[in-house]
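1. pasting a predicted model and its sequence here:
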Amino acid sequence: MSEWQWSAVDRYVSDLLVEPDPALDEALRCSESAGLPRIAVSPPQGKMLHLLARIHGARRILEVGTLGGYSTIWLARALPAGGHLVTLELDPGYAAVARENIARAGLEELIDLRVAPALDSLAALAGEGGEPFDLTFIDADKKTTPEYFEAAIGLSRPGAVIVVDNVVRGGALIDPASEDQGAQGMRRFHAQLAARGGLTATTIQTVGAKGYDGFTLVLLDGGSPPASG
Ligand code: SAH
Ligand code: DHB
Ligand code: MG
């Protein structure tokens, strides 16, 4: 099994199942020509986020780590009329590219892009006391993931979903001596999940165009149970 094969399978899946979306394609092209790192979610992963948001009926979405807005657009495309997405980015240059990509997708009315260290924006959101979020995607600097996760829980409604990207890091997740600060962040995050009550979580390893990594899916307790018939 080679990385070449993982990428080829991603292309096969994308060609057959990920319908072309000019705004998403253009977002990747413009991000690349602006020199942004090529670390956006892959098209099949973007579509998975979109599906999760629709399956969950998310009306309010929070994203930590915007980059050029590729995952942002996938998630915002899942919102119903009146839905809203807040996305947090540190780098003003990346945010400028994201703003253009979001505008080209016709989504600027739905999306609040905030440029600041995410911990500051998360504290500001808590202070504003807005409506809680239904779904959060955490995908910023990996070492701070546990702090983003704790803040996201505080901003979420009971029964909310939280998805965390890049949790496996080529397997470094299980190396206590890893010098990758991101991997250490994901180890702290898993310890936090194991110790914390009030949630149900699992981690899924992935291969694909982005190599060997994985994501964690968390469901917070509470909320309305599914209607029984
Ligand atoms: N979610 C994007 C990819 C995000 S890459 C996608 O899939 O399309 C990670 C992003 O997190 C980068 O843009 C980086 O600038 C941003 N980031 C890093 N540290 C941050 C911080 N402290 N606060 C907010 N954003 C941060
Ligand atoms: C990196 C960040 C990501 O969000 C990702 O999906 C892959 C790599 C990075 O910072 O290297
Ligand atoms: Mg990521």
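-> Everything's here; your move. Ligands and ions are numbered 1, 2, ... in the order given.
2. list the contacts for Ala151?
-> 119, 122-123, 126 (C-beta atoms under 8 Å, 6 or more residues apart in numbering). Glycine gets a C-beta too; all of them are placed from N, C-alpha and C.
3. now with 10 Å, please.
-> Ala151 sits next to 62, 64, 118-119, 121-123, 125-126, 136, 138, 144 when contact means C-beta atoms under 10 Å, 6 or more residues apart in numbering.
4. tell me where the protein has helices.
-> Under the criterion DSSP state H, the chain contains helices at 3-17, 22-33, 43-56, 70-76, 92-104, 118-128, 145-154, 181-195.
5. quick one: closest of these to ligand 2.
-> For the helices of the chain, proximity to ligand 2 was assessed by C-beta to the nearest ligand atom; helix 181-195 is nearest, at 7.1 Å.
6. give me the helices and strands touching that closest one, please.
-> For helix 181-195, the elements it packs on are helix 145-154, strand 156-165, strand 199-208, strand 211-220, judged by 3 or more C-beta pairs under 10 Å, 6 or more residues apart in numbering; DSSP states H and E.
7. if I take the last one and strand 156-165, what angle do their directions form?
-> Here strand 211-220 runs at 170 degrees with respect to strand 156-165, directions being taken by axes from the mean of the first three to the mean of the last three C-alpha atoms, to 10 degrees.
8. please renumber so the chain begins at 22
-> From this message on, residue numbering opens at 22, which makes the last subject strand 232-241.
9. right, is strand 232-241 up against ligand 1?
-> No - for a cut-off given as C-beta under 6 Å from any ligand atom, strand 232-241 has no contacts with ligand 1; the smallest distance is 11.2 Å.
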